[in-house]
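A.B. asks: Take a look and give me a structure for this.
(chains A and B)
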Amino acid sequence: MRLTGAQALIKSLEMQQVEVIFGLPGGAILPVYDPILDSSIRHVLVRHEQGAGHMAEGYAHVTGRPGVAMVTSGPGATNIVTPLADAAMDSIPIVVITGQVATTAIGTDAFQECPITAVTMDITKHNWLVTDAADIPRVIAEAFYVATTGRPGPVVVDVPKDISNAQMDWYWPSSVDDLDLPGYRPSLEGDADDVRAAAELMMRAERPVIYAGGGILKARAAEALRELAERTGIPVVTTLMARGSFPDRHPLCLGMPGMHGNYTAVTAMQRADLLVALGSRFDDRVTGKVGAFAPDAKIIHVDIDPAELGKVRRPDVAIAGDCKVVIEELLQALTAIGNDSQPDLTPWIAQLRAWQEQYPLAYEQVEGGALKPQLVVETLRDATPDDTIVVAGVGQHQMWASQYWRFDHPYTWVNSGGAGTMGFAVPAAIGAKVGRPDKMVWAIDGDGCFQMTAQELVTASAERIPIKVAILNNAYLGMVRQWQELFYEERYSEVYLSPDLPDYVKWAEAMGCVGLRVESAEEVAPAVEKANTIDDRPVVIDFRTDAFEKVYPMVPAGASNDEIIVGPAGGEGGR
Amino acid sequence: VSPSPAATAATVATAAGTTTGTAAGSAPGQPPRHHIVTAVVENKAGVLARVASLFSRRGFNIFSLAVAPTDDERFSRFTLVVDVESAPLEQIVKQFDKLVNVVSISELAPEEAVERELLLVTVAAGSGQRSEVIALVDEFAGRIVDVGSDHMTLVLAGTPTSVDEFETRVRPFEIVALQRTGRVALPKLERDVAPGRGSSGSRGPGTPVVPAGRPQGEAG
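C.D. replies: This is a model prediction of the structure:
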């Protein structure tokens, strides 16, 4: 069968069971957009290419399948660089197809030419410039294989216009052996001796903590993690990327560690004699000052990426492998060892309970006082189904969402962790809703973040993707404001945004959404109820929240986690 | 100061060659600052850029770099001399191996490797100095590859140490241009007794850090 490169590309995506492409056409990708008209694949037309990338990420987060975005050359491609960097940081499998100028024009500074493979070399897992139409099926198969196996990540396939127009004989690589990837061989199983050594350490520890990271979710290992925790009685902290991988409701769940983690999660790691790091990477936002992090702990580190083992903290037992496979191997090893020798963990658990009681997350909503953002998150949490998907941008609202939501199911939390990409929430929520139309999707966003990518609500309205957006509008770039207040002597530099400019309700309405405004605590629940009943278009609620509220607890940047600040000095609540 | 890893192979090698007489070696009795990493990579467009970019991004320093196709044209062999004080060797090797185009990778301790480097140098050699230059070339078993009216171009292929020495000895002559290739290396061959494996540093010569799965460039 003779096909054009463009037809082969779309057919290849169909072969990969792609159900949706997020994208925006342009000159160099024009040939590829023509066969989309004849394809079963849905195309969601975005308003900015960054939106396409984050939608693909949101889709991948909640479905576990690779998200696909398609953009044109030059600025189309550079506009999707941020989502690529974001996906690389958080190991999100996305496949981005970029148009490129004709091979004959490459290198001539042609119109809308940009060397996107060079630009994205360091922020993709791999990328390809296709130079022969006959390569297209194989390269697409390789791209999906690389994006989704091993440590997942973003990939780019750059397709010059003449290659899209050229004729080729259709084929489809029937197996991995038909791919040309001699240097790529992800391994899943852990080394048996190391697994046994890890199991033995777990059975000797008196103050163990499981440090669960995003790798648990990538490996679909939530159930295995639960079995491991319950079999060993070892409590679990879930990092920002792992929220939902272990139920917050579970008695062994300690919640989120790190810079804005709760006191118990942070301090449990500091006092631990063993950290079982599963798919986590000792990120600086978790460790604080690395030299002072968990000083007494032996480390078991399990990660599918061997380069993570020892990158930050030298493990006592390093296991390169898939989290789910390795946890299952650990469970077998634990069975073989038996738990007769395990120390009594009761004193440790009692200590953790005491910390939880002494240092709970806290805020104070004064009656008639300014609306507290935490109250909004709690009200949303209590008024929505248990398996609601929550999507956050980056900043204070993100931390409050992670702290005050109760995540009891995997794949219900979508956020930008490593890259800290403001503007992530709205498009990622759209992608999540496309991937899981059966679930309610709430974006909890900040006013600063919302302004970066709000235009994608036009996409959501046009495509009938009924997401809901709660803007925690404190009229500031709040997290920066918090740092300026605490560490720059309240010298507020370029952080004020205004609560009314733009008028979020009018803006929402102009984009085809329902717009609501909430200014007091009493109005929160009725507005959320109303939003929850609307399912034919997006809803935006402008919550006017207290600009003085800060995120606590907090470990100052570069400080030891022992220096955690649990709340505002003097206990005066809001400020 | 190590040269920018983004520099071209030629620039890097030249910079390395012009530092000191003991260039990539180390003072006697001290552990070597430099390690050799040898990798078989796919011979595809942009692979050198990927390697250079990775080293730049991760803050690893390349001391010298040589790259050329192997006997199998699908693959190239990279020989990198890396500054192991800039990052743990293990991190360098693991991150390097993560590149999809890298097929296999080995680290070679200098004592476990056969190393060679090539130097080309053009020196002023008027009638008064020719005999001295020729004597020097003879001493090092080098060759004269080009002769002008008052200049000569010399070549020496040898161990990095001998090339260092030669460079030191040739300096008193007026050097017009000097170019070193950077070193290439292969593992020393095993003799009767297999080398022990154990703690880091006693890895067998050329033991792949990561088992190679698919076709090997050096095979054939």
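A.B. asks: show me what contacts the residue lying closest to A:V566 once chain neighbours are set aside?
C.D. replies: Leaving aside its chain neighbours, A:V566 sits nearest to A:P553 (4.8 Å; criterion: Cβ to Cβ, 6 or more residues apart in numbering or on different chains). C-beta coordinates here come from the backbone N, C-alpha and C atoms, glycine included. A:P553 sits next to A:H260, A:G261, A:N262, A:Y263, A:V266, A:Y359, A:L361, A:I564, A:I565, A:V566, A:G567 when contact means Cβ atoms under 8 Å, 6 or more residues apart in numbering or on different chains.
A.B. asks: backbone phi and psi for A:P553, please?
C.D. replies: Phi and psi for A:P553, reported as degrees, to the nearest 10, are phi -60, psi 170.
A.B. asks: do the same with B:D71
C.D. replies: phi -60, psi -30.
A.B. asks: any weak-confidence spans in the chain?
C.D. replies: Since you didn't name a chain, this refers to chain A. Chain A contains residues with pLDDT under 70 at A:569-575.
A.B. asks: should've been chain B
C.D. replies: Counting by pLDDT under 70, chain B shows low-confidence ranges at B:1-32, B:86, B:192-220.
A.B. asks: In contact with the residue nearest the centre of it, which residues are there?
C.D. replies: Among the residues of chain B, the one closest to the centroid is B:R183, at 1.9 Å (Cα atoms, centre = their mean). Residues near B:R183 by Cβ under 8 Å, 6+ apart: B:A24, B:I36, B:S64, B:A66, B:T79, B:V81, B:E115, B:R116, B:E117, B:P160.
A.B. asks: Among these, which are located in strands?
C.D. replies: When DSSP state E is applied, these are split such that B:I36, B:S64, B:A66, B:T79, B:V81, B:E115, B:R116, B:E117 fall in strands.
A.B. asks: Quick check, the fourth one in contact with B:I36.
C.D. replies: Yes. Under the criterion of Cβ atoms under 8 Å, B:T79 lies in contact with B:I36, with a separation of 6.5 Å.
A.B. asks: Most neighbours out of the ones in strands among the contacts of B:R183, which is it?
C.D. replies: Of the ones in strands among the contacts of B:R183, B:V81 is surrounded by the most neighbours, 31 neighbours in total, counting by other Cβ atoms under 10 Å in any protein chain shown.
A.B. asks: Pull the number of nearby residues for the residue lying closest to that residue once chain neighbours are set aside.
C.D. replies: Leaving out its chain neighbours, the residue that sits closest to B:V81 by Cβ to Cβ, 6+ apart is B:F63, at 4.1 Å. A count of neighbours around B:F63, defined by other Cβ under 10 Å, yields 26.
A.B. asks: And B:F63, how far from B:L118?
C.D. replies: 16 Å (Cβ to Cβ, to the nearest Å).
A.B. asks: Now the nearest residue to A:C323 once chain neighbours are set aside, what are its backbone angles?
C.D. replies: Leaving aside its chain neighbours, A:C323 sits nearest to A:A219 (3.8 Å; criterion: Cβ to Cβ, 6+ apart). Backbone torsions of A:A219, given as degrees, to the nearest 10, read phi -90, psi 0.
A.B. asks: you'd agree A:A219 is up against A:D322?
C.D. replies: Yes. A:A219 is in contact with A:D322 according to Cβ under 8 Å; the separation is 5.0 Å.
A.B. asks: Spit out the residues that contact these two alike.
C.D. replies: With Cβ under 8 Å, 6+ apart as the test, A:A219 and A:D322 both reach A:I304.
A.B. asks: quick one, what contacts A:I140?
C.D. replies: For A:I140, the contacting residues are A:L9, A:S12, A:L13, A:M15, A:Q16, A:V95, A:V157, by Cβ under 8 Å, 6+ apart.
A.B. asks: Just the buried ones from these?
C.D. replies: Neighbour-count burial (16 or more other Cβ atoms under 10 Å in any protein chain shown) applied to the contacts of A:I140 gives A:L9, A:S12, A:L13, A:Q16, A:V95, A:V157.
A.B. asks: Keep only those of the residues you listed that are in helices.
C.D. replies: A:L9, A:S12, A:L13 (DSSP state H).
A.B. asks: wait, does stretch B:47-59 contact chain A?
C.D. replies: Yes. Stretch B:47-59 comes into contact with chain A (Cβ under 8 Å from any Cβ of the partner chain), by way of B:A49, B:R50, B:S53, B:L54, B:R57.
A.B. asks: For chain A, what lies in contact range of chain B?
C.D. replies: Going by Cβ under 8 Å from any Cβ, the residues of chain A near chain B are A:117-118, A:121-122, A:125-126, A:129, A:146, A:181-185, A:305-307, A:309-311.
A.B. asks: switch to 6 Å and redo it
C.D. replies: A:M121, A:D122, A:H126, A:P182, A:G183, A:Y184, A:R185, A:P306, A:A307 (Cβ under 6 Å from any Cβ of the partner chain).
A.B. asks: a helix runs through A:Q351, doesn't it?
C.D. replies: Yes. A:Q351 forms part of a helix when assessed by DSSP: H, G, I helix; E, B strand; the rest coil.
A.B. asks: if I look at it, how far off is A:A268?
C.D. replies: 8 Å.
A.B. asks: and the two? which has more neighbours close in?
C.D. replies: Taking neighbours as other Cβ under 10 Å, A:Q351 and A:A268 compare with A:A268 leading, 28 against 15.
A.B. asks: Before I go, just wanted to say thanks for your time.
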